[in-house]
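Participant: sequence and predicted structure below; questions after.
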Amino acid sequence: MSPSIGNGDEVRAQLDSVGDDVLVARVLAGEQEVFSTLVRRHQAELYRYARNLRIDHDSASDLVQDAFVTAYTRLAQCSDPARFRFWLFRILRNRCLDWLRDIRRRSVGLDDVTLVARGTPNDSASGSELRETLDRCMNELSSDLREAFLMKHHEGRSYQEMAELADASVSAMKMRVHRAREALRDALLEAGVELPAA
């Protein structure tokens, strides 16, 4: 291994071992290349969040990239560099919600579409049909309810973390999760899917 490669690996390992606040300070001090460590550190989580909102791969990748560009250009506005991750997440969240609102505006109204054929599924109904029904029900939820439900039940976040990421109160996030569960339950029952008693 050449000395330059070894040195590069050592620098990368050193950057990977420090907190976001240190990296932010170094970028603001003129070491722009250090921002790539923040990208590597947070990119996968941000992408998963966007995909969990049912945003397609290409759009999710674009939104994540846009969030990083915005974060880089506005880095001096990050008032608490130790909480850079939450600040970055809020930037992405706003981009995603704008994207979802734009898609919803251009889509056919829900009243004009029969989402699921009524009737009770028989024993031969496949798991993929149930999955499709659930996906349709999830897509009917408002972006706020879908986001809260997925953060809680898919990502396993605590209500406190959810509240910080969504810039809302803990009680608001609990209410969103509750409303999402009720809406999903009602939609599945309407589609003829029998659910166990709560």
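Facilitator: Yep, it's here. Residues are numbered from 1 along each chain as shown.

Participant: low pLDDT regions in the chain?
Facilitator: When residues are selected by pLDDT under 70, those of the chain lie in 1-8, 11, 104-131, 191-198.

Participant: find the centremost residue of it, please.
Facilitator: Nearest to the mean C-alpha position of the chain, counting by CA atoms, centre = their mean, stands Tyr49 at 2.2 Å.

Participant: what's near enough to touch the nearest residue to Asp135 once chain neighbours are set aside?
Facilitator: Leaving aside its chain neighbours, Asp135 sits nearest to Arg54 (7.8 Å; criterion: CB to CB, 6 or more residues apart in numbering). For glycine as for every other residue, the C-beta is placed from the backbone atoms N, C-alpha and C. Shown in contact with Arg54 (CB atoms under 8 Å, 6 or more residues apart in numbering): Asp135, Met138, Asn139, Arg146.

Participant: not counting the longest helix seen in the chain itself, show me its contacts.
Facilitator: Assignment by DSSP state H gives helix 84-106 as the longest helix of the chain. Residues outside helix 84-106 that contact it (CB under 8 Å, 6+ apart) are 20-21, 23-24, 38, 42, 46, 49-50, 53, 55, 59, 63-64, 66-68, 70-71, 78, 80, 143-144, 147, 164-167.

Participant: and the contacts of Arg54, which are buried?
Facilitator: By neighbour count, with 16 or more other CB atoms under 10 Å, the contacts of Arg54 hold Met138, Arg146 as buried.

Participant: give me the buried stretch members for the strand or helix carrying Arg48, please.
Facilitator: Element membership for Arg48, per DSSP states H and E: helix 35-52. Of the residues in helix 35-52, Phe35, Thr37, Leu38, Arg41, His42, Leu46, Tyr47, Tyr49, Ala50, Arg51, Asn52 count as buried by neighbour count, 16+ other CB under 10 Å.
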